[in-house]
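J.: sequence first, predicted model second:
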Amino acid sequence: MSGLIAVTGATGYIGGRLVPRLLAAGNRVRVLTRDSSKLRDVPWGEDVEVVTGSLDDTAAAAALCQGADVVYYLVHSMGAHAGEDFPARERACAETLGHAAHDAGVRRIVYLSGLNPGSGLSRHLASRAEVGRILGQSGVPTAILQAGLVIGSGSASFEMVRHLTDILPVMPAPRWVLNRVQPIAVRDALHYLEAAADLPQHVSRAFDIGGPDVLTYADMMRGYARAAGLRAPLIIALPVLTPWLAAQWVNLVTPIPRSLAVPLVESLQNDCVVREHDIDELVPRPAGGLTGYRRAVELALGKIARGEVETTWASSSPLDAPSDPLPSDPDWSGGTVFTDLRTETSTARPSQLWDVVEGIGGENGWYSFPLAWAVRGWIDKLAGGVGLRRGRRNPHRLQLGEALDWWRVEALEPGRLLRLRAEMRVPGRAWLEMSVEPRPEGSAYAQRAVFVPHGLAGRLYWLAVLPFHGVIFRGMASRITAAAETGAPYAQAAYPRKDLP
């Protein structure tokens with residue numbers, strides 16, 4: 001394969017891993033993104049052509065496809081809010097891309113879909129099948145690769161298995177934990193995606209792809225436990241847990257938010273296994289064969305331990321993410337804005353202080369009142385939000401646009417400024433900004449929390465949490481600078497000063 005390859009969903013979990021493989025193979029790559037700034041810190045960001053826009057924009061779709069040899073369709077609305085008519089939106093996007101690809105003379109479309117159990121499809125699987133049908137009828141030869149659970153560091157399926165197993169030694173579970181599934185390692189899914197671009201011109205159809213192991217979901221949790229060196233959980237299948245109740249449970253005890261847990265759980269109501277192996281006649285298997293489930297888990301755990309996770313399920317920003325400027329910026333116009341500003345001076349060098357700032361969150365914590373942060377995360381989970389446990393992709397370094405616990409990195413000026421936009425459920429919009437400035441004898445730290453309330457509920461929310469700010473934000477600023485001075489991680493520097501609670 002060589003030529004110009006167009007990729008939609010390049011900032012997502014699969015797309016963010018496929019693009020560097022395409023570049024390494026000598027292809028020119030063009031990507032479509034709603035926000036081009038999200039590519040600034042991606043290692044391959046400067047090596048691709050960028051079209052800014054969305055798939056429901058006819059002009060953007062046409063610009064993406066112009067001169068392209070192959071188009072990868074790697075977007076879907078899994079995780080969209082329940083109130084959104086996502087099937088209609090997905091149909092419209094598929095039709096727009098299909099027409100643009102046909103008009104531009106694209107040679108092939110490659111689409112990653114879900115394994116089709118044949119009947120009883122969930123709303124999301126039915127919608128993804130409909131997208132495949134639309135792309136296949138576009139007049140452009142289309143390869144539809146149908147995969148089940150993708151196992152890799154940062155994938156939603158892996159994170160759900162991981163956290164359920166890590167947390168619960170005894171797990172009451174719905175009967176679908178006994179259904180058969182055929183997971184595929186992310187490296188094997190990428191192998192088939194890359195190879196599908198070179199299928200013969202006359203091939204236009206769906207193919208099932210999967211790993212070598214057919215397991216129950218319970219088997220997957222036990223297999224994860226063995227690979228992670230944990231005791232296998234006792235799993236008790238209960239007929240009373242409906243898919244909706246099971247999704248609430250997954251939302252509560254894992255980092256997966258309710259909007260993503262619901263479609264994930266719904267897709268597990270039937271056996272989800274490969275029904276045909278026709279892809280083997282056209283695409284050779286990866287060198288060394290397909291990766292078994294246990295090996296896929298071991299590889300994922302190794303990447304997490306080394307801090308080498310390229311992308312995560314949270315890589316993509318939500319479609320309704322706020323795009324307004326920070327309310328205290330000069331171009332902000334009107335409205336009520338509440339702020340909490342804290343400043344500290346430190347004897348630490350600016351680079352030492354910045355290392356602490358950029359390493360905040362995830363396993364490193366938030367440097368103040370851990371119980372309060374944890375409780376607020378649980379409240380957000382119960383409300384259907386993302387909660388505090390999405391963690392970090394890398395323990396030390398951040399990228400513009402990536403998820404960090406319940407925040408999104410909105411601005412990142414290495415060594416100087418980190419601005420986080422809240423994605424928790426709040427009656428308004430919130431930001432947390434941290435900045436570092438050099439001083440003759442060390443550095444200065446500034447921390448600013450900004451909240452724009454929505455109506456009376458937003459104002460009451462701010463008043464309700466205001467008493468905690470003196471403890472949380474004052475302690476946070478003090479302990480961040482203390483950690484920079486001592487070089488100790490949060491676990492040792494949590495309460496270094498006796499005058500703080």
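T.: Happy to help now that I have it.
J.: in the protein, which spans are helices?
T.: Ranges of helices within the chain are 15-24, 58-65, 86-103, 123-136, 156-167, 186-196, 217-228, 243-253, 258-266, 293-306, 350-358, 370-382, 455-486, 490-493, based on DSSP state H.
J.: mind checking how far I5 is from A104?
T.: 13 Å (C-beta to C-beta, to the nearest Å). From N, CA and C alone the C-beta is placed, and that goes for glycine too.
J.: least reliable of the helices of the chain going by mean pLDDT?
T.: Lowest mean pLDDT within the helices of the chain: helix 490-493, a mean of 43.
J.: what's the overlap in contacts for I5 and A104?
T.: Shared contacts of I5 and A104 (C-beta atoms under 8 Å, 6 or more residues apart in numbering): A68.
J.: who's in contact with the residue nearest to T336 when sequence neighbours are not counted?
T.: Of all residues not flanking T336 in the chain, P453 sits nearest, at 5.9 Å (C-beta to C-beta, 6 or more residues apart in numbering). Contact analysis of P453 by C-beta under 8 Å, 6+ apart lists 336, 338, 427-428, 459, 461-462.
J.: could you measure from the nearest residue in space to R295 that is not next to it in sequence over to V7?
T.: Closest residue in space to R295, ignoring its immediate chain neighbours: A185 at 7.4 Å, by C-beta to C-beta, 6+ apart. A185 sits 21 Å away from V7, going by C-beta to C-beta.
J.: and the residue positioned nearest the centre of the chain, what pLDDT?
T.: Centroid-nearest residue in the chain: A314, 1.4 Å away (criterion: C-alpha atoms, centre = their mean). Note on A314: pLDDT of 76.
J.: I'd say it and D405 touch.
T.: No. A314 lies out of contact with D405 (C-beta atoms under 8 Å); the separation is 9.7 Å.
J.: anything in contact with each of the two?
T.: If you check A314 and D405 against C-beta under 8 Å, 6+ apart, the residues they both contact are R390.
J.: still on that earlier bit, which of the contacts of P453 are buried, as a ChimeraX select command?
T.: Restricted to buried positions by 16 or more other C-beta atoms under 10 Å, the ChimeraX selection for the contacts of P453 reads:
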select :338,428,459,461,462
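J.: closest to S259 among the contacts of P453?
T.: P427 (18.2 Å; C-beta to C-beta).
J.: residues in contact with the closest one?
T.: So P427 contacts 453-455, 457-458, 461 (C-beta under 8 Å, 6+ apart).
J.: V357 versus that one, what's the distance?
T.: 28 Å.
J.: same check, this time on F207
T.: Plainly put, F207 is 47 Å away from V357 if you go by C-beta to C-beta.
J.: what about stretch 389-409, start to end distance?
T.: Distance between the boundary residues of stretch 389-409 (C-alpha to C-alpha, to the nearest Å) amounts to 16 Å.
J.: stretch 200-208 too?
T.: 17 Å.
J.: how about stretch 147-162?
T.: Distance across stretch 147-162, first residue to last, is 20 Å (C-alpha to C-alpha).
J.: off-centre distance for it?
T.: Between the centre of stretch 147-162 and the centre of its chain there are 11 Å (C-alpha atoms, centre = their mean, to the nearest Å).
J.: show me what contacts the closest residue to V42 other than its chain neighbours?
T.: Distance criterion C-beta to C-beta, 6+ apart; nearest residue to V42, sequence neighbours excluded, is Q399 at 6.5 Å. Q399 makes contacts with 40-42, 393, 409, 412, as judged by C-beta under 8 Å, 6+ apart.
J.: which ones among the residues you listed are found in strands?
T.: 409, 412 (DSSP state E).
J.: now for the contacts of Q399, which pair is the farthest apart?
T.: Applying C-beta to C-beta across the contacts of Q399, the maximum distance is between R40 and R393, 15.3 Å.
J.: before we move on, back to that, for the residue nearest to T336, name its beta-bridge partners.
T.: Assessed by DSSP bridges, P453 has beta-bridge partners G428.
J.: what pLDDT does it get?
T.: Note on P453: pLDDT of 89.
J.: distance check, the residue nearest to the residue nearest to the centre of the chain when sequence neighbours are not counted against R295.
T.: Ranked by C-beta to C-beta, 6+ apart and with sequence neighbours excluded, the top spatial neighbour of A314 is A403, at 3.6 Å. Computed as C-beta to C-beta, the A403 to R295 distance reads 27 Å.
J.: ditto for L382
T.: With C-beta to C-beta as the criterion, L382 and R295 are 36 Å apart.
J.: what about the two, which has more around it?
T.: Neighbours of L382 and R295, each counted by other C-beta atoms under 10 Å, are more numerous for R295; the result is 17 against 14.
J.: surely that one is in contact with D188?
T.: No. Using C-beta under 8 Å, R295 makes no contact with D188, being 10.6 Å away.
J.: any idea what the nearest residue to A63 once chain neighbours are set aside is bridged to?
T.: The shortest distance from A63 to any non-neighbouring residue, by C-beta to C-beta, 6+ apart, is to V51 (4.8 Å). Following DSSP bridges, V51 is listed with bridge partners L32.
J.: so what's V51 up against?
T.: Counting by C-beta under 8 Å, 6+ apart, V51 has contacts 30-33, 60, 63-64.
J.: re the thing from before, burial count for the residue nearest to R295?
T.: Using other C-beta under 10 Å, A185 has 26 neighbouring residues.
J.: contacting residues around it?
T.: A185 neighbours (C-beta under 8 Å, 6+ apart): 150-152, 211, 290-291, 293, 295-296, 299.
J.: compare R40 and R393 and say which is more crowded by neighbours.
T.: R393 (23 against 13).
J.: distance of that one relative to V19?
T.: In terms of C-beta to C-beta, R393 sits 16 Å off from V19.
J.: same check, this time on M424
T.: 30 Å.
J.: now swap in R306 and tell me
T.: R306 is 21 Å from V19, by C-beta to C-beta.
J.: these two: who's more crowded?
T.: Comparing R306 with V19 by other C-beta under 10 Å, the one with more neighbours is V19, at 28 against 11.
J.: the more buried one against V31, yeah?
T.: Yes. Counting by C-beta under 8 Å, V31 is a contact partner of V19 at 6.7 Å.
J.: joint contacts of the two?
T.: Contacts common to V19 and V31, judged by C-beta under 8 Å, 6+ apart, are 7, 10, 48.
J.: name the nearest residue to V131, sequence neighbours excluded.
T.: A94 (4.4 Å).
J.: what sits against that neighbour?
T.: Applying C-beta under 8 Å, 6+ apart, the residues near A94 are 73, 130-131, 134-135.
J.: again, only using 7 Å
T.: A94 makes contacts with 131, 134-135, as judged by C-beta atoms under 7 Å, 6 or more residues apart in numbering.
J.: repeat for P183
T.: P183 neighbours (C-beta under 7 Å, 6+ apart): 148-149, 151, 157, 211, 220, 293.
J.: most neighbours, which of these?
T.: Going by other C-beta under 10 Å, I151 tops the contacts of P183 with 28 neighbours.
J.: ok, now which ones touch that residue?
T.: I151 touches 157-158, 183-186, 293, 296-297, 300, counting by C-beta under 7 Å, 6+ apart.
J.: any idea how far it is from A59?
T.: Distance of I151 to A59, given as C-beta to C-beta: 38 Å.
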